[in-house]
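Novice: Fold the following for me, if possible:
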Amino acid sequence: RELKRTPALELGARTGWGTERMRHYGWNSTGLELVKKSAAFAKMKGRNVVIGDMHQLSQSACTQGFVFSRHSLEHSLDHRRVIREIARVLVRGGVAAIVIPIEPQNHHPLHTQAFQNDCLLVRALVESGLHVLSTESMHSRMAPPVLERFLASSSRHGYEQRVLAYKPTVGSACAGTSEG
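Specialist: Down below sits the predicted model:
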């Protein structure tokens, strides 16, 4: 409950649906989207989505209680840099929820980062000073017809990995902030 008093951030917000859902659950949420048309559509729907780059977040250090990223890291140019940015903006005790596709063989042509398992993600989280709470593998939640066409046209598996991590309340960097 204490965390909900801090802002929340969704990376790769697209149409802002996740941002709106966070708002529904009491978060003061902002969505971040690189694609201008998607951000414009979200704004047209009344959703708080701004244009920005997840590699260089405009949010100040130690200001976000929750950061959510669903199927965005695989589109990043440097997932480690994005994870460091997430760690930088999280308050002490803040939580990051990250969902990535698991692509054991050839990755999707629009993905710049291939995650064959969750090891790359977990390593990046730990290296950035975050603690992993849980990992969970499950079938992708893509719409069934889309998923069927995707799987039929490739040798890819329809799995995603969900990882929860948090910023420790002791010893984590928040110097120079009201938390410092």
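Novice: what about the residue nearest to residue 3 when sequence neighbours are not counted, which helix or strand?
Specialist: With sequence-adjacent residues excluded and distances taken as C-beta to C-beta, 6 or more residues apart in numbering, residue 3 is closest to residue 65, at 3.7 Å. Bear in mind the C-beta positions are built from the backbone N, C-alpha and C, glycine included. Under the criterion of DSSP states H and E, residue 65 resides in strand 64-70.
Novice: list the buried ones in the helix or strand following that strand?
Specialist: The C-terminal neighbour of strand 64-70 among helices and strands, as given by DSSP H and E, is helix 79-89. Applying a neighbour-count criterion of 16 or more other C-beta atoms under 10 Å, one finds 79-80, 82-89 buried in helix 79-89.
Novice: between the residues you listed, which is closest to residue 34?
Specialist: Using C-beta to C-beta, residue 82 comes nearest to residue 34 of the buried residues of helix 79-89, at 11.7 Å.
Novice: shouldn't the closest one be in contact with residue 52?
Specialist: No: in this structure, residue 82 is not within contact of residue 52 by C-beta atoms under 8 Å, at 12.0 Å.
Novice: now the strands: where do they sit in the protein?
Specialist: 7-11, 28-33, 49-51, 64-70, 90-102, 131-139, 159-166 (DSSP state E).
Novice: Any idea what residue 102 is bridged to?
Specialist: Beta-bridge pairing for residue 102 (DSSP bridges): residue 159.
Novice: meant to ask about residue 69
Specialist: For residue 69, the beta-bridge partners under DSSP bridges are residue 11, residue 98.
Novice: For residue 171, see how far away the residue nearest the centre of the chain is.
Specialist: Closest to where the C-alpha atoms of the chain average out (C-alpha atoms, centre = their mean) is residue 69, at 1.6 Å. Distance of residue 69 to residue 171, computed by C-beta to C-beta, to the nearest Å: 24 Å.
Novice: Can you name the residues that contact the residue nearest to residue 3?
Specialist: 3-8, 27, 90-91, 93-95 (C-beta atoms under 8 Å, 6 or more residues apart in numbering).
Novice: Please identify which of those residues is nearest to residue 159.
Specialist: residue 95 (22.8 Å).
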